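Q: coords please:
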Amino acid sequence: MSHSKTTGFYWHERCFWHDQGAIGVFSAPGPWLQPQPASESPESKRRLKNLLEVSGLIDELEVVKPPAAGREDLQRFHTKDYLDALEAGDAGLGGDAGEAAPYRPGSLASARQSAGLAIAAVEAVARGTHASAYALCRPPGHHAEADRGRGFCLLGNIPVAVMRAKALGLVRRVAILDWDVHHGNGQQSAFWDDPDVLTVSLHQAGNYPLETGGFDEQGGEGASGSCLNLPLPPGSGLGAYDYAVERLVLPAIEAFAPDLIVVACGYDACAKDPLGKMLLNSDAFGRMAQSVKALAQRCCEGRLVVVHEGGYSEGYVPLCGHAVIQALADSDIGVDDPQNDEIAAWGYQALQPHQRELIDGWRRDWPGQITEARGDNQAEEAIACVCGRDSDANRNRDREPGT
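A: Prediction:
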């Protein structure tokens, strides 16, 4: 199938109108809790869209505002009872869709629109209308499960989109890579027993959800090796992410040979995020996007969809998102990140011995297939060249007391 050279940008103002109310991240209203702005807000997403306008990058994209998801598509993943409850709450005073997923009247329209963005982006790339696509979804979806919402997520944007594409016969094998700082439990649960969908989650260990995301979770009966979780230690930075991506993430996806790659793209692994403890800068997200784009070109005719998930630094998310979209569009239009080099210079950015040991152990014990096409030396070279610094020198510096 021949593909368009354009990158689609899917967004809708309706998504920004989702209202959770004045509630913190894992808190409930009470007599001793002063109301506060919601931890998940439209501001970081709106600022990303605005930055694309101001930089001019949006003019190199094809902007699409598709319809909202319909009930039939939602029911491929979600239960009838859950959707009925959401509709009843939305028609009343709102409520909590599950665990830390509050919503108010009107939120369901935003959630259906968000799922509609993912559906349209996946279908357009699968059909060859766009070479790649970015869906600016809100509310996010990667924590939502079949019968409940979780962690700010009401509907499973990616599972709904992938299940529709599979039902239409547009794709057979799909790889979903989630680099949000929190575990992608929604995709894992949706495709746990499906050997034709590989779910990969690169996240902070012990963050959220607490009970999922271990390396030992590797797929259900008949689908062993279809789920790859890489719970990196808190404080992991550029070296750890580069090494994990090159050593295990890319080789596992390439060996799986998907028809389509979907990225659950959260930016809360950035060093400025209030809900994560990782150390990435905007360059790191751009670099991961470039790596996955190159992989898609090798194994699935370039079919790549990026779906926006978490990220709670209103000032820094737009810079990270711009870097990802610039990579998708293969554009020369970049923006200056005044904190990029500062973050890269932090002492713990180099690959640490315990991080290397952990990632090498996962590669050794992974029951799925690993391609050797790229060669291990490429991963070593990537680590040695993180931000132009020598890896050994940084490891030595990191061991000095007081750093």
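
Q: sec struct for residue 120, please.
A: helix (DSSP: H, G, I helix; E, B strand; the rest coil).

Q: roughly how far apart are it and residue 58?
A: Using Cβ to Cβ, to the nearest Å, we find residue 120 at a distance of 17 Å from residue 58. (Each C-beta comes from the backbone N, C-alpha and C, glycine too.)

Q: Kindly report the same for residue 232.
A: Computed as Cβ to Cβ, the residue 232 to residue 58 distance reads 33 Å.

Q: With residue 331 instead?
A: 10 Å.

Q: List the contacts of residue 132.
A: Counting by Cβ atoms under 8 Å, 6 or more residues apart in numbering, residue 132 makes contact with 7, 8, 125, 293, 296, 302, 303, 304, 305, 306, 328, 329.

Q: hey, what's it bridged with?
A: Beta-bridge partners recorded for residue 132 (DSSP bridges): residue 7, residue 304.

Q: Which pLDDT value belongs to it?
A: Residue 132 carries a pLDDT score of 98 in this model.

Q: same thing with residue 374?
A: pLDDT, residue 374: 53.

Q: Same question for residue 28.
A: As predicted, residue 28 sits at a pLDDT of 61.

Q: Also the one 3 residues further on?
A: At residue 31, the pLDDT value in this model is 76.

Q: which SS state does it fall under?
A: Of the three states, residue 31 takes coil according to three-state DSSP.

Q: Same check on residue 307?
A: Per three-state DSSP, the secondary structure class of residue 307 is strand.

Q: list the contacts for it?
A: Residues in contact with residue 307 (Cβ under 8 Å, 6+ apart) are 117-118, 121, 135, 137, 141, 157-158, 161, 262-265.

Q: I'd say residue 189 and residue 143 touch.
A: No - checked against Cβ atoms under 8 Å, the pair residue 189 and residue 143 is beyond contact range at 9.8 Å.

Q: Of the two, which one has the most company?
A: Taking other Cβ atoms under 10 Å, residue 189 and residue 143 do not tie; residue 143 has more neighbours (31 against 21).

Q: circling back: more neighbours: which of residue 120 and residue 58?
A: The neighbour count for residue 120 versus residue 58, taken as other Cβ under 10 Å, is higher for residue 120 (23 against 19).

Q: who touches the more buried one in this structure?
A: By Cβ under 8 Å, 6+ apart, the contact set of residue 120 is 10, 64, 66, 67, 135.

Q: Now list the buried members of those residues.
A: Buried positions within the contacts of residue 120, assessed by neighbour count (16 or more other Cβ atoms under 10 Å), are 10, 64, 66, 135.

Q: Can I get those in a markdown table including distance to residue 217?
A: Formatted as a markdown table, the entries for the buried ones among the contacts of residue 120 read as follows, by distance: Cβ to Cβ, whole Å:
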| residue | distance to residue 217 |
| --- | --- |
| 10 | 30 |
| 64 | 35 |
| 66 | 33 |
| 135 | 26 |
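
Q: Out of those, which sit inside strands?
A: Within the buried ones among the contacts of residue 120, residues falling in strands by DSSP state E are 10, 64, 135.

Q: now these in a markdown table, with distance to residue 218?
A: Formatted as a markdown table, those follow (distance: Cβ to Cβ, whole Å):
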| residue | distance to residue 218 |
| --- | --- |
| 10 | 32 |
| 64 | 36 |
| 135 | 28 |
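
Q: now, among those, which is nearest to residue 311?
A: Nearest to residue 311, judged by Cβ to Cβ, of those is residue 135 at 14.1 Å.

Q: picking that back up, most neighbours out of the contacts of residue 132, which is it?
A: Counting neighbours by other Cβ under 10 Å, residue 305 comes out on top of these with 32 neighbours.

Q: is it true that that one touches residue 260?
A: Yes - contact status for residue 305 versus residue 260: in contact at 7.0 Å, counting by Cβ under 8 Å.

Q: Can you pull the residues that touch both of these two?
A: Shared contacts of residue 305 and residue 260 (Cβ under 8 Å, 6+ apart): 122, 125.

Q: Run through who's touching stretch 53-65.
A: Outside stretch 53-65, the residues that touch it by Cβ under 8 Å, 6+ apart are 6-12, 49, 52, 120-121, 124, 130, 134, 322, 325-326, 329, 331, 333-335.

Q: Restricting to C-alpha, output that stretch in PDB.
A: C-alpha atoms of stretch 53-65 as PDB (Å, rounded to 0.1, in the frame of the first residue of the first chain):
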ATOM      1  CA  GLU A  53       0.600  27.400  15.800                       C
ATOM      2  CA  VAL A  54       3.300  29.900  16.900                       C
ATOM      3  CA  SER A  55       6.200  27.900  15.600                       C
ATOM      4  CA  GLY A  56       4.600  27.300  12.300                       C
ATOM      5  CA  LEU A  57       4.900  23.500  12.500                       C
ATOM      6  CA  ILE A  58       1.200  23.000  12.400                       C
ATOM      7  CA  ASP A  59       1.300  24.400   8.800                       C
ATOM      8  CA  GLU A  60       3.300  21.300   7.800                       C
ATOM      9  CA  LEU A  61       0.600  19.000   9.200                       C
ATOM     10  CA  GLU A  62      -2.800  18.100   8.000                       C
ATOM     11  CA  VAL A  63      -5.200  19.200  10.800                       C
ATOM     12  CA  VAL A  64      -8.200  16.900  11.200                       C
ATOM     13  CA  LYS A  65     -11.200  17.200  13.500                       C
END
